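Participant: Structure here, sequence nowhere to be found:
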């Protein structure tokens, strides 16, 4: 019931009807008031999360939805298994944020492992003609994992811009994506560039300048890596130049 109704509401959600549809989604999430384990809230968050990572062009709207849900979820919603430092159950917006963080972390880690496995499988089969069909299946699996990974990264960036994720979480993501400078996967490079394009301006504070400088030094090394495709090299250079322009897009500079 919850699954069907919330999916239908997410299908209807647009910028124009955002307020009315989001109110209805929050009403469904608040049905967790009658529970002690928050399972309806978890179900709603997972549906929103799946949609946000599958539809990258809409993830700023889904991030807005999450921000509104965090602000308006009932304080009567709790999970007896998740407690604060005083041993009391976390409730309302704090609980929502904890669940959402768990979704982000689990999907980031799972996606990371999946992309590594499928990319390695595709590479190992690519050179064998008699296993072309198998290679094709694994190639498409890798492409699907890559799309979902890009959607997740953009969504994480949008959540950070709305102050739902901390700077520490963002820097951990960047460090992980930059962890393999010698032999990087293209999915890692593309995810890194998408994350910094989405949230780089918000991350690039005076306090974080030394960290950001270090990231971009590594990116310059990567951009000169002859093993990378020209597409990846240009993608890196685009982000490097974006920071050089103080995060102002080319079109805005021309205007």
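Facilitator: Arrived safely. Predicted model, so just to flag it, every value in this text is computed and none were measured. Numbers count the residues shown, from 1 in each chain.
Participant: looking at it, residue 64 is touching residue 159, isn't it?
Facilitator: No - counting by Cβ atoms under 8 Å, residue 64 stays clear of residue 159, with 10.0 Å between them. For glycine as for every other residue, the C-beta is placed from the backbone atoms N, C-alpha and C.
Participant: Of the two, give the one with the bigger neighbour count.
Facilitator: Between residue 64 and residue 159, counting by other Cβ atoms under 10 Å, residue 159 is the more crowded of the two (28 against 16).
Participant: Would you mark the buried spots in the helix or strand in which the more buried one is found?
Facilitator: Using DSSP states H and E, residue 159 sits within helix 132-161. For helix 132-161, burial by neighbour count (16 or more other Cβ atoms under 10 Å) applies to 135, 138-139, 141-142, 145-146, 148-161.
Participant: how deep is residue 85 tucked in, by neighbour count?
Facilitator: 5.
Participant: Helix, strand, or coil at it?
Facilitator: coil (DSSP: H, G, I helix; E, B strand; the rest coil).
Participant: Show the backbone phi and psi for it.
Facilitator: For residue 85, the backbone dihedrals (degrees, to the nearest 10) come out as phi -60, psi -20.
Participant: what about residue 164, which SS state?
Facilitator: Secondary structure, three-state DSSP: residue 164 is coil.
Participant: Surely it is in contact with residue 70?
Facilitator: Yes - if you go by Cβ under 8 Å, residue 164 and residue 70 touch, sitting 6.7 Å apart.
Participant: Quick check, residue 26 in contact with residue 71.
Facilitator: No - assessed by Cβ under 8 Å, residue 26 is found out of contact with residue 71, at 9.5 Å.
Participant: out of those two, which sits in the more crowded spot?
Facilitator: More crowded of residue 26 and residue 71, by other Cβ under 10 Å: residue 26, with 17 against 11.
Participant: give me every residue that touches that one.
Facilitator: Contact analysis of residue 26 by Cβ atoms under 8 Å, 6 or more residues apart in numbering lists 68-69, 72-73.
Participant: Would you check which pair of the residues you listed lies furthest apart?
Facilitator: Across the contacts of residue 26, the longest distance by Cβ to Cβ is 9.2 Å; it joins 68 and 73.
Participant: who's more crowded, these two?
Facilitator: Taking neighbours as other Cβ under 10 Å, residue 68 and residue 73 compare with residue 73 leading, 25 against 17.
Participant: and the gap between the more buried one and residue 209?
Facilitator: Distance, residue 73 to residue 209, by Cβ to Cβ, to the nearest Å: 36 Å.
Participant: what does residue 251 give?
Facilitator: For residue 251, the distance to residue 209 - Cβ to Cβ - is 26 Å.
Participant: more crowded one of these two?
Facilitator: Between residue 251 and residue 209, counting by other Cβ under 10 Å, residue 209 is the more crowded of the two (10 against 7).
Participant: Is it correct that that one falls within a helix?
Facilitator: Yes - applying three-state DSSP, one finds residue 209 inside a helix.
Participant: May I have the residues that are in contact with it?
Facilitator: Here residue 209 is in contact with no residue (Cβ under 8 Å, 6+ apart).
Participant: ok, now the one 3 residues further on?
Facilitator: Shown in contact with residue 212 (Cβ under 8 Å, 6+ apart): 200, 203-204, 243.
Participant: next one: residue 100
Facilitator: Applying Cβ under 8 Å, 6+ apart, we find residue 100 in contact with 45, 49, 66, 70, 159, 164.
Participant: Tell me the most packed of the residues you listed, by neighbour count.
Facilitator: Among the contacts of residue 100, residue 159 has the most neighbours (other Cβ under 10 Å), with 28 neighbours.
Participant: Before I go, just wanted to say thanks for your time.
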